[in-house]
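S.K.: what follows is a predicted structure for the sequence shown.
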Amino acid sequence: MTPTADGTPTATVIGGGIGGLASGVALARHGWDVTVIERATSLDPVGAGIVVAPNAVRSLDALGVGDATRDLAALQGEFGLRRPDGTWLVRGRAEGAESVFGDRTLMLHRAQLVGLLAEALPDGALRLGASAVVVDPGTTTRPARVAVTDDTGTTVDVDADLVVAADGIDSATRTRWWPSAPAPVSGGSTAWRFVTPSVPGVVGSEIWGRGIVAGVMPLADGRVYMYVSVADGVGVPRDLDELRDRLAGWHEPVPALLASVDDAGALRHELRHLPVPPASLAAGRVVLVGDAAHAMLPNLGQGGCQALEDAVVLGARVRLDDAVADALQRWSAERRPRVAKVMRMSARVSGPTLWTSPAATAVRDAGMRTVGRWTEALGARALRPVMSWRPPEG
């Protein structure tokens, strides 16, 4: 599998999530012969929306699917932070953020974005129902080797000039070939994510309570993406019914949205993250992208966005005629400082959402409400280095 009969270098991507699919698209657009291997038998993520921030919108433009994403997405309009009683703490409009960051934030169902990226792959590049394990990361002079097991249990070793490990926060590739890399740690809360039927009058917002955060995001088709995170310190509900009871006194439409949820379509996960990325994101001819490299807490909405950036920069920086292992180290040196900074920012924003003390949360809320417009302006300034990122040219 290295190279093909016509001399085209090969790339094997492990994982068919956003980071893996985007990496496959980016490399294919730059001339690589790509195979994306996904363990699941279908690409059908359920129950979750995704925020596509301006930096990720520009990444999708570089992958050739930006306009299609805009066509499917809801533009963020009014947004802000509220208290459980509905009082606004910070309120603004997306047009102001667009003037700062250069693009609007988009909201869509995760399945829509996955579908667009899968369709952008070359015919035959996506292989479902198979698993892949890196058995040799390769060197500057030796290709990487991957053991691929199909749905019959048959395993074949294949060589690749480049391997992209997009196998998630519990990445088997990272565990085996980056033994000194830190393991995932708890973020101190558990989150529910789901998409509800249409409810009139929904305004995009995040509601901060005592150790509980709820997000309400309208989608283009009228449905609503909602998430709720509950800190360990206030006791995590055992099921969705207990969550409904816990938030019964919150302002509408939170109780109505929770009441409309089909329990089978709700996702529930402990929030975990990597404390820091590995010292290098490359080993031999293998790179880590997305959550395998830099799983972060969701408070900035940058997990998927940074995976898209990883992919775009990888395609632009690793050329067909490069010494691949050396090029991957240069890619890592470019990407690691940026993702490490975004990870730190996400963790800092997460901190106040876990507060459970009535006194501390009252001070937090009063501070945000008093600062008002200044809070919005300062937030935009702090986020500008993240949101204003642009892909490499070429």
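M.R.: In hand now; what should we look at?

S.K.: contacts and neighbour counts: CA atoms only from here.
M.R.: Noted.

S.K.: what ranges do the strands span in the stretch 101-250 of the chain?
M.R.: 106-109, 126-128, 131-136, 144-149, 155-160, 162-165, 185-196, 205-208, 212-218, 224-231 (DSSP state E, counting those that start in this stretch).

S.K.: poorly predicted segments of this protein, please.
M.R.: The chain contains residues with pLDDT under 70 at 1-6, 45-47, 76-77, 93-99, 371-381, 394.

S.K.: quick one, helices of it?
M.R.: Secondary structure of the chain (DSSP state H): helices at 18-29, 54-62, 66-72, 94-101, 110-120, 172-177, 240-246, 254-259, 291-294, 303-317, 324-353, 358-371, 373-387.

S.K.: follow-up on the earlier one: for the strands of the stretch 101-250 of the chain, which one sits closest to residue 250?
M.R.: With C-alpha to C-alpha, the closest approach to residue 250 among those belongs to strand 205-208: 9.1 Å.

S.K.: one step back: closest one to residue 41 among the strands of the stretch 101-250 of the chain?
M.R.: strand 126-128 (5.1 Å).

S.K.: measure residue 83 to residue 37 for me?
M.R.: 44 Å (C-alpha to C-alpha, to the nearest Å).

S.K.: which one's more surrounded, the two?
M.R.: residue 37 (25 against 18; other C-alpha atoms under 10 Å).

S.K.: mind listing what the more buried one touches?
M.R.: Counting by C-alpha atoms under 8 Å, 6 or more residues apart in numbering, residue 37 makes contact with 12, 13, 14, 15, 16, 126, 127, 128, 129, 130, 131, 132.

S.K.: surely the fourth one meets residue 41?
M.R.: Looking back up the chat, that one is residue 15. No - look at residue 15 against residue 41 with C-alpha atoms under 8 Å: they stay out of range, at 12.0 Å.

S.K.: higher neighbour count, the two?
M.R.: Between residue 15 and residue 41, counted using other C-alpha under 10 Å, the more crowded position is residue 15 (26 against 11).

S.K.: which residues are in contact with the more buried one?
M.R.: 21, 36, 37, 38, 39, 165, 166, 167, 168.

S.K.: what does residue 23 give?
M.R.: Here residue 23 is in contact with 13, 164, 308, 310, 311, 312, 314, 315 (criterion: C-alpha under 8 Å, 6+ apart).

S.K.: at 10 Å what do you get?
M.R.: Counting by C-alpha atoms under 10 Å, 6 or more residues apart in numbering, residue 23 touches 11-13, 16-17, 29, 34, 36, 63, 117, 121, 164-166, 289-290, 307-315.

S.K.: for residue 16, same thing?
M.R.: If you count contacts by C-alpha under 10 Å, 6+ apart, then residue 16 has 22-24, 36-40, 42-43, 114, 117-118, 126-128, 166-168 around it.

S.K.: which of those are buried?
M.R.: 22-24, 36-39, 114, 117-118, 126-128, 166-168 (16 or more other C-alpha atoms under 10 Å).

S.K.: what sits in contact with each of residue 15 and residue 41?
M.R.: Joint contacts of residue 15 and residue 41 (C-alpha under 10 Å, 6+ apart) are 127, 128, 130.
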